[in-house]
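1. Structural data only, the sequence is not supplied:
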């Protein structure tokens, strides 16, 4: 790159705006790719064609067409709605997603900010979208929305615990809370932590599915009971925000899981200098495998019942995660 | 003797996962055999002969009795008629009064294809036709007048006849 541009980007504020723009462009792009993959794969799993008309071949432009359609729609706000809360709720949901990108290491040096408490930050910041969901449910002045919002709050609080506890195993093994530190520890150890932390990985993925309120944990938007849950009253680009946040969250959650359990940007047999270029590709590939699994689960399993959901979290996942921590810590001390 | 052992817990979940992923690969690699849908405007399915596509009207058979309009749950049938006096069939006989259709419209934007009108018609003036390609750009154009309904009559398949003769 020419020196002029490098000089420009050495300015903190210019670099900051550049990074924010990059993430702001990445989220719709990732959302579209995952959304389109979901449409096509779900169609194949049900012996259907899926979208095929928009864009000429395979219907590749379907999601772009959908986005344009959402922007054309009227931005309806219910008369009884709590207007400022209703209007800002989608932004909070998206903020949680954007903020997660900060600590994901895409390569050895490719990380927006390597916080020393990266894991803690990621888990804490992902709870912001819970507030957004609760705000959306409350402000809509609609009983379905309120029910959906409260269900989401109950579910997200219940599954935050196993999510955090599942991560602790990896943190103990790595001895650091920094996201890139955990990847480096895995490179040093020579194996991804899934080998010894399979239980943690499984718990993390189950809890992540619940955090994302995806099927089989989609009680907050259970269409057959709650119309569309907390999204009922949303239309136009505010609905699009929720929609994008859901798909981008699938990406970020999978990226965290990849970083903590699957070795992040690292594949065995590649040197540090090679990883600088190939790392992001490896990370993306691993993330999309996990995203595929999420889509696969969605089109296979039926929805849980609300009490089954809670008992799964409190009776199974939390004790299992605690036992996992105990065993991991013991092994760490003994060996 | 039946197998009394309980299946392994979670085996049902794995079975379900296997069904979806095997279906996915089958549909990707052998779409011809496995696709259950068609690329509609490019390919067309022929509907079964007795499919409920559109309702056809036999104007000659209609006696303007209004039973169909009254039984319609959506009130999507609009009928108007008048009485016409006809000369007596035999000289010196009574003058006959015949009801004639002026208007018979079905609003397919409202119709829910329940077929009650077809069933209730005492003079076999209404029929189901399997034609389905009559979508319009404007909602008002979904209102088919009696001439258009008469045209649908050509597409009505042959009645198989009564079961018990």
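-> Yes, it's here. The model shown is predicted, which means the values in this text are computed figures rather than measured ones.

2. Identify the single longest helix in the chain, thanks.
-> No chain specified, so I'll use chain A. helix A:12-45 (DSSP state H).

3. looking at chain B here, not the other one
-> helix B:11-29.

4. any idea how far the residue nearest to residue B:53 when sequence neighbours are not counted is from chain A?
-> Using CB to CB, 6 or more residues apart in numbering or on different chains and skipping residues adjacent in sequence, the residue nearest residue B:53 is residue B:132, 4.1 Å away. Every residue, glycine included, has its C-beta placed from N, CA and C. Per CB to the nearest CB, to the nearest Å, residue B:132 is found 19 Å from chain A.

5. if we can go back for a sec, who does the longest helix of chain A touch, helix- and strand-wise?
-> The contact analysis (3 or more CB pairs under 8 Å, 6 or more residues apart in numbering or on different chains; DSSP states H and E) places helix A:12-45 against helix A:3-10, helix A:62-72, helix A:83-100, helix A:236-261, helix A:272-298, helix B:11-29.

6. Give me the pLDDT value at residue B:80.
-> On pLDDT, residue B:80 comes in at 91.

7. Give me the helix or strand of chain B that scores worst on average pLDDT.
-> Least confident helix or strand of chain B, by mean pLDDT, DSSP states H and E, is helix B:31-34 with a mean of 79.

8. now do chain A
-> Going by mean pLDDT, DSSP H and E, chain A bottoms out at helix A:3-10, a mean of 71.

9. Give me the contact list for that one.
-> With contacts defined as CB atoms under 8 Å, 6 or more residues apart in numbering or on different chains, helix A:3-10 is touched by A:14-15, A:18.

10. How about stretch B:84-94?
-> So stretch B:84-94 is contacted by B:95-100 (CB under 8 Å, 6+ apart).

11. What residues of the helix or strand that residue B:69 is a member of count as buried?
-> When secondary structure is defined by DSSP states H and E, residue B:69 falls within helix B:67-71. Along helix B:67-71, these residues count as buried under the neighbour rule (16 or more other CB atoms under 10 Å in any protein chain shown): B:67-69.

12. Tell me the residues of the stretch 151-300 of chain A that contact chain B?
-> Counting by CB under 8 Å from any CB of the partner chain, the stretch 151-300 of chain A comes close to chain B at A:296-297, A:299-300.

13. Can you spell out the domain ranges of chain B, please?
-> Per automatic domain parsing, the domain ranges recorded for chain B read B:10-44, B:54-155.

14. Quick one: end-to-end distance for stretch B:44-59.
-> End-to-end span of stretch B:44-59 (CA to CA, to the nearest Å): 31 Å.

15. again with stretch A:49-67
-> 21 Å.

16. can you tell me if that stretch touches chain B.
-> Yes. On the criterion CB under 8 Å from any CB, stretch A:49-67 is in touch with chain B at A:49, A:52.

17. give me the residue from the stretch 151-300 of chain A nearest chain B.
-> The stretch 151-300 of chain A approaches chain B most closely through residue A:300 (4.6 Å), counting by CB to the nearest CB.

18. OK, contacts around that residue?
-> So residue A:300 contacts A:45, B:13, B:16-17, B:19-20 (CB under 8 Å, 6+ apart).

19. what number of residues lie near residue A:125?
-> Residues near residue A:125, counting by other CB atoms under 10 Å in any protein chain shown, number 18.

20. quick one: it and residue A:96 touch, right?
-> Yes. Between residue A:125 and residue A:96 there is a contact under CB atoms under 8 Å: 6.0 Å.

21. so how far is residue A:95 from the residue nearest the centre of chain A?
-> For chain A, the residue nearest the mean C-alpha position is residue A:249 (2.6 Å; CA atoms, centre = their mean). To residue A:95, residue A:249 is 12 Å away according to CB to CB, to the nearest Å.

22. who touches both of the two?
-> Common contact partners of residue A:249 and residue A:95 (CB under 8 Å, 6+ apart): residue A:129.

23. Could you measure from the most centrally placed residue in chain B over to residue B:117?
-> Centroid check for chain B by CA atoms, centre = their mean gives residue B:52 as the closest residue, at 2.4 Å. With distances taken as CB to CB, residue B:52 is found 12 Å from residue B:117.

24. can you list residues touching both of these two?
-> Counting by CB under 8 Å, 6+ apart, nothing touches both residue B:52 and residue B:117.

25. for the longest strand belonging to chain B, packing partners?
-> Identified as the longest strand of chain B according to DSSP state E is strand B:96-107. Packing partners of strand B:96-107 (3+ CB pairs under 8 Å, 6+ apart): strand B:54-57, strand B:77-86, strand B:143-144, helix B:146-152.

26. The ones you listed into CSV, with extra columns for mean neighbour count?
-> Shown next, in CSV, are the helices and strands packed on strand B:96-107 (neighbours: other CB atoms under 10 Å in any protein chain shown):
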stretch, mean neighbour count
strand B:54-57, 24
strand B:77-86, 13
strand B:143-144, 20
helix B:146-152, 17
